[in-house]
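Peer 1: Pasted the sequence and its predicted model underneath.
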Amino acid sequence: MQSIYGYTEDMLKKYLTDMGQKPFRATQLIEWIYRHKISSFDEITNMKKDFILKLKEDFSIDTLECVTNQKSSDGTQKFLFRLSDGNLIETVLMCHDYGYSVCVTTQVGCNMGCQFCASGMKKKLRNLEAHEIVLQVLTVSKLADVRVSHVVVMGIGEPFDNYDNVISFLKIINNPLGLEIGARHITVSTCGLVEKIYEYAEFDLQVNLAISLHAPNNETRNQIMPINKAYPIEELIKAIRYYIEKTNRRVTIEYILLQGLNDTKSHANELCDLLHGLNVYVNLIPYNEVIEKPYKRSKKEDMVTFFDILKKRRINVQLRREQGGDIDAACGQLRSKHMNK
Ligand code: SAH
């Protein structure tokens, strides 16, 4: 049996026409599932009994089991969910002045091996299916009783290493009859799988792209991100340039500031040279320290100096305010703690 939450509108239409039903039933189904949030097909009132029986045979309306829920003093909530095969994943709900945003996980563990990251300490066991990513948004919205307006694909895992499921997920949550999360309110973050960036440039939803750059040259990036050995910075920048030209969209560059490693004035200037003339927005991120890792957060004054250099050289930049620092909000920390118990 398949989860109904993994079906895009097109897939539902195909299923319906294959069984001799009218394709408009797809829109009705989507409304029942995501608007009325039914937990059984029996709750549907505008379809024939035998059709509902067929739906029950073919689809499950599954749920995620919430293992723990941590609440931060700033309103951030972190959920630990158990999947049907017993694997654990994390999902974060953040409260902003513009609405609620959910950060979703795309894989059980991660194989990218970024040195500073807690997620990568547990290798990838498997990809999440589209429905397991959709369910994170739906379940968090239900449990916290909020309307989710923004989604960031920045939890555990590398979304472009699970490309097809992530694309289905994006189509499903964007559907205006369903969760209706605006494409411009969705951001997918990648550590830089170059060929997928080219593929993503052809994707027709106006979803935002963020790149985890974290270093302005190959020498520094090689030290902290093994992916850089497969796709060095020149190739990554070339792909970003192509993506911008193709989509006309601004790309977000994520840059974690790590003390003594990538946060000097010379790194800042090198970053400006690298990004010169590109339509990008740089997000400087204070590092969330991970006990098992040797890296330290940059000093406040170094972060400000770094920011000022970018600003002065007319790079669009912000120094991200931190959320959920008191609840293991760094990627993978909660899951890793729980598994070590
Ligand atoms: N694999 C994707 C998405 C998941 S990580 C990617 O690499 O972009 C989401 C973001 O959190 C990345 O920019 C990642 O580098 C960053 N990150 C990981 N660990 C962190 C930590 N301890 N503190 C701050 N940011 C972290």
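Peer 2: Perfect, I can see it now.
Peer 1: only C-alpha atoms for contact and neighbour calcs from this point on.
Peer 2: Fine.
Peer 1: Is residue 93 in contact with residue 140, as I believe?
Peer 2: Yes: Residue 93 is in contact with residue 140 according to CA atoms under 8 Å; the separation is 7.2 Å.
Peer 1: what do the two both touch?
Peer 2: Taking CA atoms under 8 Å, 6 or more residues apart in numbering as the contact rule, residue 93 and residue 140 both touch residue 102.
Peer 1: So for the two, which residue has more residues nearby?
Peer 2: residue 93 (25 against 22; other CA atoms under 10 Å).
Peer 1: And the pLDDT for that one?
Peer 2: What the model reports as pLDDT for residue 93 is 97.
Peer 1: Am I right that residue 256 is in a strand?
Peer 2: Yes: assigned with DSSP: H, G, I helix; E, B strand; the rest coil, residue 256 falls within a strand.
Peer 1: Please, where are all the strands along the stretch 201-341 of the chain?
Peer 2: 208-212, 251-257, 280-286, 316-319 (DSSP state E, counting those that start in this stretch).
Peer 1: Which among those strands is found nearest to the ligand?
Peer 2: strand 208-212 (4.4 Å; CA to the nearest ligand atom).
Peer 1: What helices and strands are in contact with that closest one?
Peer 2: strand 186-190, strand 251-257 (3 or more CA pairs under 8 Å, 6 or more residues apart in numbering; DSSP states H and E).
Peer 1: possible to save those as TSV with mean neighbour count and mean pLDDT?
Peer 2: TSV is the format used below for these (neighbours: other CA atoms under 10 Å; pLDDT from 0 to 100):
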stretch	mean neighbour count	mean pLDDT
strand 186-190	21	98
strand 251-257	22	97
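Peer 1: Tabulate the ones you listed (TSV), appending distance to residue 160.
Peer 2: Shown next, in TSV, are the helices and strands packed on strand 208-212 (distance: least, CA to CA, whole Å):
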stretch	distance to residue 160
strand 186-190	7
strand 251-257	16
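Peer 1: Just the buried positions in stretch 75-83, please.
Peer 2: Neighbour counts using 16 or more other CA atoms under 10 Å place 76-83 of stretch 75-83 among the buried residues.
Peer 1: Would you reformat the residues you listed as TSV and include pLDDT?
Peer 2: Below are those laid out as TSV (pLDDT from 0 to 100):
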residue	pLDDT
76	92
77	95
78	95
79	97
80	96
81	98
82	97
83	97
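Peer 1: and those residues as JSON lines, adding secondary structure?
Peer 2: Shown next, in JSON lines, are those (three-state DSSP):
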{"residue": "76", "secondary structure": "coil"}
{"residue": "77", "secondary structure": "strand"}
{"residue": "78", "secondary structure": "strand"}
{"residue": "79", "secondary structure": "strand"}
{"residue": "80", "secondary structure": "strand"}
{"residue": "81", "secondary structure": "strand"}
{"residue": "82", "secondary structure": "strand"}
{"residue": "83", "secondary structure": "coil"}
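Peer 1: Tabulate those residues (CSV), appending distance to the ligand.
Peer 2: As requested, those are exported to CSV (distance: CA to the nearest ligand atom, whole Å):
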residue, distance to the ligand
76, 15
77, 17
78, 15
79, 16
80, 16
81, 17
82, 19
83, 19
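Peer 1: Quick check: bridge partners of residue 255?
Peer 2: Beta-bridge pairing for residue 255 (DSSP bridges): residue 284.
Peer 1: Count the neighbours of the closest residue in space to residue 32 that isn't next to it in sequence for me.
Peer 2: Nearest residue to residue 32, sequence neighbours excluded (CA to CA, 6 or more residues apart in numbering): residue 38, at 6.2 Å. The number of residues packed near residue 38 is 14, by other CA under 10 Å.
Peer 1: secondary structure class for residue 38?
Peer 2: coil.
Peer 1: I'd assumed residue 30 was in contact with it.
Peer 2: No: applying CA under 8 Å as the test, residue 38 and residue 30 come out as separate, 10.3 Å apart.
Peer 1: thinking again about what came up before, for the buried residues of stretch 75-83, which one is nearest residue 121?
Peer 2: residue 80 (17.2 Å; CA to CA).
Peer 1: these two touch, right, that closest one and residue 64?
Peer 2: No: contact criterion CA under 8 Å: residue 80 and residue 64 do not qualify, at 9.7 Å.
Peer 1: where do the helices sit along the stretch 201-341 of the chain?
Peer 2: Using DSSP state H, counting those that start in this stretch, the helices of the stretch 201-341 of the chain run over 218-224, 227-230, 233-247, 265-275, 300-312, 333-340.
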